[in-house]
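Trainee: build me a model:
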Amino acid sequence: MRRVLTLSVIAAAMALLSFGVGGVVAAGPAAAGPADAGPTDAISGEAHASATAAECDAGDGTDLVGCWNGTHYEDGLSFNQTDGLTESELEELTDLTMARVEHVRERPFREDVPVETVTRSEFVNDSAGGGAGGTDAEFQRWNDQVWKALFVVGEDENASDAIDEVFGGAVTGFYSPAEDRIVLVVPEGEDPQVDPSTLAHELVHAMQDQYHDLARPRYVGATQDADLAVDGIVEGEAVHVEELYDARCAAEWSCLAPPDSGGGGGGSASDYNFGILQTVLQPYADGAFYVEALVDEGGWSAVNETMNQPPNATSEVIHRDPDYETGEVAFEDAATGGWETYPGQGVNGSETAGEASMFVMFWYQSYEYRHAVLDPDATVQENVRIHTRPDEELRTRVNYNYAHESTDGWAGDRLYPYRNGSGEDGTDGEDGYVWVTEWQTTADATEFRETYLRMLTAHGDGEYADGEVYEIADGDFRGAYGVERNGTTVTVAHGPEPVDVLDLRPDSDLDLPSTDGTDDGVGVDGPGTDGTDDGNDTDGTDTGSDGSDGGSGAPDASTDDRVPGFGVPVAVAGLLAAMGLFARRVRP
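Mentor: Now for the predicted structure:
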């Protein structure tokens, strides 16, 4: 039985338990072994030509492309959805959309895909008790430390509650491989309205399931980064087809206008933890361009091959590099003073955050806390726009950037939550973590460390003294932090008090904070452009890549340069509309 994964836990808030749902197929690691093999692996990469209208007759088999139940992809509809869609109209729309998805994707569906509706109240009632955290107190405590290490969920917050707030009222529909159907959540007492491109997106997942079986182990990630990485191909293909579909609607097809509302979703933008939301949005943004690059290079057969051997790191999707190299992350548990890991959670007690989550960690400090972390020489608003104003845009949704020199060169990470004492319910005692990150070069490791220190000092009251534990007295991320770089490895340790950091990493070269109130400034390091420094941070005299000592971090957050959400209301609306897609693939 599969454990509840970090991102699968997020998706659990969107699952209908009465439909036999226990989690979302969020992602998977590299190609599975022989036990995962099957006849669906033998998928022809040959593109199929679409049938003509004359060849499309009711009762035709599933071998024709661009024709479903006698409906041809060039047909039109004799109705609109101003007053909603009746059951027969929804069925007719589904047949037409299936024919069009076949035409765009250049392969046929193998069987029909039912589309059904539930009201918002039915969805909420059926989902009761299936929230993001489940009932496993140990997992919740472990998972809290993961999101707190990412500076997204604060010390006084619960990660499961924050996840529920993001998704609880915003689901508009999903595809269930367990029952081979699409479920749409509609407002109470109204006939459904459907966004044609959204329906096309969900139907792509149905087609993927028919050819690849989305319930297979390869589509279940062992870590947060693996979840997001596999979604890069699974969601990327769906968004790419959706983009092509929408372009055809604009240029040549007669398509229904999108509905005026979000199909029964609830909540406002201010209710959501945008750090969590932007983390899970990454496959939708980068995945579409990742798939586009695959198609440009090798056609749809390249997409089929990648579905059979999904990416295992978000870096591969972000940088569109199927050959992206990762490295081993060495860790030895040497903690003393009663600190223990969670061997029954994650991968031997650890989580892998990955490049996408690390980028969001730094970006979120600007959006939520008004600290210029990614670029200390820019305004807070300009820091926000590093993410919200990407160079490339999508037609059907707001797109975002997840690449930055602060997190480029990621080669691996292992985040180990720790506990010290617990009651019978597993929730009492103290919490901490050790996070080991590996980078491709010392320059990459240096860049990450400098940015991380800017984030720390932005939340603290003083500058970072190299070689000492740093303490944040109050706020969402209060506690003690130890940050060390050794060559291409950057290790972060966190505990409630400075002595806890030394107990978590007794072999570190860190000292307790100075008591005289003075320090030597921020201990940023910075090898030359060739990255050939001695590999250690010990004296705090290295300079940053810009020749400065790095400083303590953010500009004055009290300026009038306000962060205007996502720039314009339509961007927020597009973001919330996209949230309804997160529940698209559920499994028993």
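Trainee: for the spatially most central residue of the chain, phi and psi?
Mentor: Central residue of the chain (C-alpha atoms, centre = their mean): V280, 2.6 Å from the mean position. Note on V280: backbone dihedrals following degrees, to the nearest 10 are phi -80, psi -20.
Trainee: just say helix, strand or coil for S406.
Mentor: Of the three states, S406 takes coil under DSSP: H, G, I helix; E, B strand; the rest coil.
Trainee: can you give me every residue that contacts it?
Mentor: By C-beta atoms under 8 Å, 6 or more residues apart in numbering, the contact set of S406 is 358-359, 362, 374, 447-448, 450-451. Any C-beta I mention is one placed from the backbone N, CA and C, and that applies to glycine too.
Trainee: V204 and L90, how far apart?
Mentor: Note on V204: its distance to L90, by C-beta to C-beta, to the nearest Å, is 18 Å.
Trainee: please enumerate the strands of the stretch 351-500 of the chain.
Mentor: Applying DSSP state E, counting those that start in this stretch to the stretch 351-500 of the chain gives strands spanning 410-420, 430-439, 470-472, 479-486, 489-495.
Trainee: mean confidence (pLDDT) on the first one, please.
Mentor: Put plainly, it is strand 410-420. For strand 410-420, the mean per-residue pLDDT is 98.
Trainee: output it as PDB - backbone C-alpha positions only.
Mentor: This file holds the C-alpha atoms of strand 410-420, laid out as PDB (Å, rounded to 0.1, in the frame of the first residue of the first chain):
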ATOM      1  CA  TRP A 410      20.500  21.900  -8.500                       C
ATOM      2  CA  ALA A 411      21.800  18.300  -8.400                       C
ATOM      3  CA  GLY A 412      19.800  16.900  -5.500                       C
ATOM      4  CA  ASP A 413      18.600  17.400  -1.900                       C
ATOM      5  CA  ARG A 414      17.400  15.400   1.000                       C
ATOM      6  CA  LEU A 415      15.400  17.000   3.700                       C
ATOM      7  CA  TYR A 416      15.100  15.100   7.000                       C
ATOM      8  CA  PRO A 417      12.500  16.300   9.600                       C
ATOM      9  CA  TYR A 418      13.500  15.500  13.200                       C
ATOM     10  CA  ARG A 419      11.500  15.200  16.400                       C
ATOM     11  CA  ASN A 420      12.600  15.300  20.000                       C
END
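Trainee: in the stretch 101-250 of the chain, mark out all the helices, start to finish.
Mentor: 120-127, 137-149, 159-167, 196-212, 224-251 (DSSP state H, counting those that start in this stretch).
Trainee: list the buried ones in the third one?
Mentor: Think helix 159-167. Buried residues in helix 159-167, counted by 16 or more other C-beta atoms under 10 Å: 159-167.
Trainee: still on that earlier bit, with distance to N401 as extra columns, can I get the strands of the stretch 351-500 of the chain in CSV?
Mentor: Listed next are the strands of the stretch 351-500 of the chain as CSV, based on distance: least, C-beta to C-beta, whole Å:
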stretch, distance to N401
strand 410-420, 16
strand 430-439, 20
strand 470-472, 28
strand 479-486, 26
strand 489-495, 23
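Trainee: between those, which gets nearest to V241?
Mentor: The closest of the strands of the stretch 351-500 of the chain to V241 is strand 410-420. By C-beta to C-beta, the value is 29.0 Å.
Trainee: which helices and strands sit right next to that closest one?
Mentor: helix 137-149, helix 354-369, strand 430-439 (3 or more C-beta pairs under 8 Å, 6 or more residues apart in numbering; DSSP states H and E).
Trainee: apply 10 Å and report the result again.
Mentor: Here strand 410-420 touches helix 137-149, helix 224-251, helix 314-318, helix 354-369, strand 430-439, helix 442-459, strand 489-495, helix 498-504, going by 3 or more C-beta pairs under 10 Å, 6 or more residues apart in numbering; DSSP states H and E.
Trainee: pipe the ones you listed into TSV and attach mean pLDDT, mean neighbour count and distance to N69 per row.
Mentor: TSV is the format used below for the helices and strands packed on strand 410-420 (pLDDT from 0 to 100; neighbours: other C-beta atoms under 10 Å; distance: least, C-beta to C-beta, whole Å):
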stretch	mean pLDDT	mean neighbour count	distance to N69
helix 137-149	95	22	45
helix 224-251	96	26	19
helix 314-318	98	29	35
helix 354-369	98	25	40
strand 430-439	98	23	53
helix 442-459	98	24	54
strand 489-495	98	23	57
helix 498-504	98	22	62
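Trainee: tabulate the ones you listed (CSV), appending distance to E382.
Mentor: Formatted as CSV, those follow (distance: least, C-beta to C-beta, whole Å):
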stretch, distance to E382
helix 137-149, 26
helix 224-251, 26
helix 314-318, 21
helix 354-369, 9
strand 430-439, 26
helix 442-459, 15
strand 489-495, 26
helix 498-504, 33
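Trainee: which one of those lies nearest to D75?
Mentor: helix 224-251 (13.1 Å).
Trainee: when V204 and L90 are compared, which one has more neighbours?
Mentor: V204 (24 against 21; other C-beta atoms under 10 Å).
Trainee: spatially nearest residue to that one, not counting backbone neighbours?
Mentor: Of all residues beyond its chain neighbours, the one nearest V204 is A238 (4.1 Å), with distances taken as C-beta to C-beta, 6 or more residues apart in numbering.
Trainee: one more: W363?
Mentor: Nearest residue to W363 in three dimensions, chain neighbours excluded: H387, at 4.6 Å (C-beta to C-beta, 6+ apart).
Trainee: what count of nearby residues applies to the one you found?
Mentor: When neighbours are counted by other C-beta under 10 Å, H387 comes out with 23.
Trainee: give the contact list for it.
Mentor: 278, 285, 359-360, 362-364, 366-367, 374, 400-404, 566 (C-beta atoms under 10 Å, 6 or more residues apart in numbering).
Trainee: mind redoing it with 6 Å?
Mentor: 363, 400-401 (C-beta atoms under 6 Å, 6 or more residues apart in numbering).
Trainee: in the chain, where is pLDDT below threshold?
Mentor: 1-47, 58-61, 124-135, 167-171, 261-271, 422-427, 515-588 (pLDDT under 70).
Trainee: export the contacts of S406 to CSV and tack on distance to A334?
Mentor: Shown next, in CSV, are these (distance: C-beta to C-beta, whole Å):
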residue, distance to A334
M358, 25
F359, 30
F362, 29
L374, 33
E447, 27
F448, 23
E450, 26
T451, 27
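Trainee: ok, back up a step: between the helices and strands packed on strand 410-420, which one is closest to V291.
Mentor: That would be helix 224-251 among the helices and strands packed on strand 410-420, by C-beta to C-beta, at 4.0 Å.
Trainee: what's that closest one packed up against?
Mentor: helix 6-12, helix 87-105, helix 196-212, helix 282-308, helix 314-318 (3 or more C-beta pairs under 6 Å, 6 or more residues apart in numbering; DSSP states H and E).
Trainee: buried set for the second one?
Mentor: Just to be clear, that refers to helix 87-105. 89-90, 92-105.
Trainee: now that helix against helix 196-212, angle please.
Mentor: 70 degrees (axes from the mean of the first three to the mean of the last three C-alpha atoms, to 10 degrees).
Trainee: quick one, helix 87-105 and helix 282-308 angle?
Mentor: Using the same axes, to 10 degrees: helix 87-105 against helix 282-308 is 70 degrees.
Trainee: which residues are contacting helix 87-105?
Mentor: 50, 65-69, 71, 73, 79, 108-109, 115, 199-200, 203, 241, 244-245.
Trainee: going through these, which ones are buried?
Mentor: 50, 65-69, 71, 73, 108-109, 115, 199-200, 203, 241, 244-245.
Trainee: what sits against T306?
Mentor: T306 neighbours (C-beta under 6 Å, 6+ apart): I233.
Trainee: going forward, the N-terminal residue is numbered 24.
Mentor: In the new numbering, first residue 24, that becomes T329.
Trainee: what about it, distance to I256?
Mentor: When T329 is compared with I256 (using C-beta to C-beta), they lie 5 Å apart.
Trainee: equivalent analysis for A376, please.
Mentor: Applying C-beta to C-beta to A376 and I256 gives a distance of 20 Å.
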